[in-house]
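1. The amino acid sequence is not available; the structure is as follows:
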C-alpha cells in the first residue's frame, strides 16, 4: 500500500502528460476544417505539402495550441504560488489587481486607437505591473501581511474596475474592449510564443528551486521564524515572480479566469501538498486543461469560435461551487 501511495503522483503525472499529447493531436486535427492525420504528420516532419491547402491552417493551430498550453500552465503555476504564499487556498493570480489593471490599460489603448496587438499587449502589461506594484507598495507601507495584501488587492481591483466601466461607457470601441476582456488565444507571431515560453518556463524553474520554502510557508509563522526563514522576503519574491508570469500572459491573451484557482485545488487532491511535485504537476495540468477548453471553444459550434474565457468560466464556476460545498461539509464533520 505504501508503494501505491508513493507512485500515485507519478501515475497522475503520466496521465496528465498523455492527455496533453492527445489534446494537442486533437487540436491539430479538429476545427471548422478537419485535417487528415497524414497531412498533420507531414507538417510536423517539415515536409512540404503538394497543394499547401492545410499548411496555413496547421500553422495557426500549432501557434494556438502552444499559446493554450503555456497560458494554462503559467496561470496554474502562479495560482499554486499565490495560494501557498498567501496561505489562502481561495487566492488566484488575479487577486492583486493584475486582471483589473491590464483590462483598464488595454481598454485605454483600444480607445486611443492603438489597434496593433503588440501595442495593446504593451499597455496591458504596463497596467498589470503598475497594479501589482501599487498593491505591494501600499501593503508594505503598513505592516506587511497576507491579510493586508489581499485586502489591498481587492480594493484596487474595485478601483480599476470602476475606471474600466467609465472607459467602456465613453468609448466607441466597446465591442473590441469586451472581446479582449473575454480572452483570446489567437496568436499572429511565433516569436511572441517563444519569448513567452522562455520567460514562463525560466521563472517556473527558478521558483521550483525553492519548493521547500513554499512548503515551509504553509507552517505556522512563529515556527518558520524560529528556523531562520525570512518569510516576508520569500513571499514578496515569489509573488513578484508569479505576478510577472501572469502579467505577461494576460497582456497577450486577455482575462482567462478560474484556471489559476481550480487547477491548484485539483492538483492538490491528486498529488498532495509537496511543492516539489505540486508545482510541475499543476504546470502540466493547467496547460492540458486549457488545450481542451480551447478545443471546445473551436468545435462547439460550426461557424463560431467562442472566447476562451467563456469556456473556462463555464467549466470553472461549477467546480468552484463544488469545492466550497465540499469544504463546508468537511468543516461540519470536523466540528461535529
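-> Nice, thanks for sending it over. These numbers come from a predicted model, not from an experiment.
2. use CA for all of it now, contacts and neighbours both
-> Noted.
3. List of residues touching stretch 304-323?
-> Residues from elsewhere that reach stretch 304-323 (CA atoms under 8 Å, 6 or more residues apart in numbering): 179, 182-185, 255-259, 262, 290, 293-294, 296-299.
4. Can you mark which positions in it are buried?
-> 305-313, 315-316, 319-320, 323 (16 or more other CA atoms under 10 Å).
5. Counting by contacts, list what the longest helix belonging to the chain packs against.
-> Ranked by residue count and defined by DSSP state H, the top helix of the chain is helix 55-86. Here helix 55-86 touches helix 2-29, helix 37-44, helix 146-170, helix 190-208, helix 211-217, helix 231-253, helix 259-271, helix 275-299, going by 3 or more CA pairs under 8 Å, 6 or more residues apart in numbering; DSSP states H and E.
6. CSV for those, including distance to residue 132, mean neighbour count and mean pLDDT?
-> Output for the helices and strands packed on helix 55-86, formatted as CSV (distance: least, CA to CA, whole Å; neighbours: other CA atoms under 10 Å; pLDDT from 0 to 100):
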stretch, distance to residue 132, mean neighbour count, mean pLDDT
helix 2-29, 32, 16, 83
helix 37-44, 40, 14, 62
helix 146-170, 8, 17, 88
helix 190-208, 17, 16, 93
helix 211-217, 21, 19, 88
helix 231-253, 7, 21, 91
helix 259-271, 17, 23, 90
helix 275-299, 22, 24, 94
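7. Now residue 88. Nearest residue, chain neighbours left out?
-> Excluding the flanking residues, the one nearest residue 88 by CA to CA, 6 or more residues apart in numbering is residue 82, at 7.9 Å.
8. And residue 96, by the same measure?
-> Using CA to CA, 6+ apart and skipping residues adjacent in sequence, the residue nearest residue 96 is residue 153, 4.2 Å away.
9. and that neighbour, what does it touch?
-> 95, 96, 97, 135.
10. Looks like the second one contacts residue 157 (just checking).
-> Yes: applying CA atoms under 8 Å, one finds residue 96 in contact with residue 157, separated by 7.3 Å.
11. SS state for residue 318?
-> helix (DSSP: H, G, I helix; E, B strand; the rest coil).
12. Since that was my last question, I'll sign off now.
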